[in-house]
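Engineer: okay, predicted coordinates and the sequence, questions at the end:
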Amino acid sequence: MSSASAPSRVVGYSDRVNHAFAFAAKHHDRQVRKGTALPYLTQPASVAVILTRYGCDEATVLAGILHDVVADCVREGMTQEDLHERIAAKFGDEALDTALAVVERRVDDRGVDLAPEERRLDHLTRLGSASERARWVCAADRLHHGGTILADLRRTAFPESVWSRFPRDPEVTANGYRRVYERLVEVGFQAPIMDELHDVVTALEEAVATTT
């Protein structure tokens, strides 16, 4: 598989994709996007749309739909066996492994708790050994999150109301997107989605410079 191409076997619709949306909708039923009244499902749904737009295969799209479900399960301390029963048994090992590769871990391989910044560094480090599918999901997730910040900033006369959703200051928040983009470049991920991600990261940095 070329690093510049999407995983093969393009999918537009399948029963498993439909099932994954239903599964994620039930899981995220009472969740909303931070600082908005939008159902949280809009986030994984948008990631799936991005991945499908770039021609990714079913396992990649499934991981895009389910990655926040998996992230919640990891935060709750669910074991690998539990994750396999809850996710892989329904949607396949590839979907679970792909999602796990892009979520922040609470503990390292030795079982040691990670502080917030250590989690972010661990995530960036693991991108080096992540599959192409995982890198696609990571890029699509960052593209959507960054794009929604920009869209919200453009809709308001009070940018501080957008930036206040995040625990870190705007410059640090934007830098987090830059770090992910540069890490993907560093590990050789040259997919066409990277051009779009670069534009969003740059626009975020410009927004920070002009609104704070």
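Structural biologist: All right, it came through fine.

Engineer: can you tell me how far the residue located most distally from the centre of the chain is from T211?
Structural biologist: Most distant from the centre of the chain: A157, at 27.8 Å, with distances by C-alpha atoms, centre = their mean. A157 sits 10 Å away from T211, going by C-beta to C-beta, to the nearest Å. Glycine gets a C-beta too; all of them are placed from N, C-alpha and C.

Engineer: over to H67?
Structural biologist: Counting by C-beta to C-beta, the gap from H67 to T211 is 29 Å.

Engineer: higher neighbour count, those two?
Structural biologist: Ranked by neighbour count (other C-beta atoms under 10 Å), H67 and T211 place H67 first, with 28 against 14.

Engineer: the nearest residue to the more buried one once chain neighbours are set aside: which element?
Structural biologist: Computed as C-beta to C-beta, 6 or more residues apart in numbering, the closest residue to H67 that is not its neighbour in sequence is A99, at 4.3 Å. Taking DSSP states H and E as the definition, A99 sits inside helix 93-102.

Engineer: how about that helix: buried residues?
Structural biologist: By 16 or more other C-beta atoms under 10 Å, the buried positions in helix 93-102 come out as 94-102.

Engineer: which residues sit against the helix or strand following that helix?
Structural biologist: Next helix or strand after helix 93-102 toward the C-terminus (DSSP H and E): helix 116-126. Here helix 116-126 makes contact (C-beta atoms under 8 Å, 6 or more residues apart in numbering) with 101-106, 108, 114, 176, 179-180, 183.

Engineer: hmm, who's touching stretch 23-38?
Structural biologist: Identification of contacts with stretch 23-38 by C-beta under 8 Å, 6+ apart yields 39-44, 65-66, 68-69, 72, 90-91, 148, 152, 161-162, 164-166.

Engineer: before we move on, which element is the most centrally placed residue in the chain in?
Structural biologist: In the chain, the residue lying closest to the centroid (C-alpha atoms, centre = their mean) is D141, at 3.1 Å. Assigned by DSSP H and E, D141 belongs to helix 132-155.

Engineer: list the helices and strands that helix packs on?
Structural biologist: Counting contacts by 3 or more C-beta pairs under 8 Å, 6 or more residues apart in numbering; DSSP states H and E, helix 132-155 packs against helix 42-53, helix 58-75, helix 93-102, helix 160-163, helix 170-186, helix 193-211.

Engineer: tell me which helix or strand the residue farthest from the centre of the chain sits in.
Structural biologist: Assessed by DSSP H and E, A157 sits outside every helix and strand.

Engineer: what does it show for phi and psi?
Structural biologist: The phi/psi pair for A157 (degrees, to the nearest 10) reads phi -90, psi 0.
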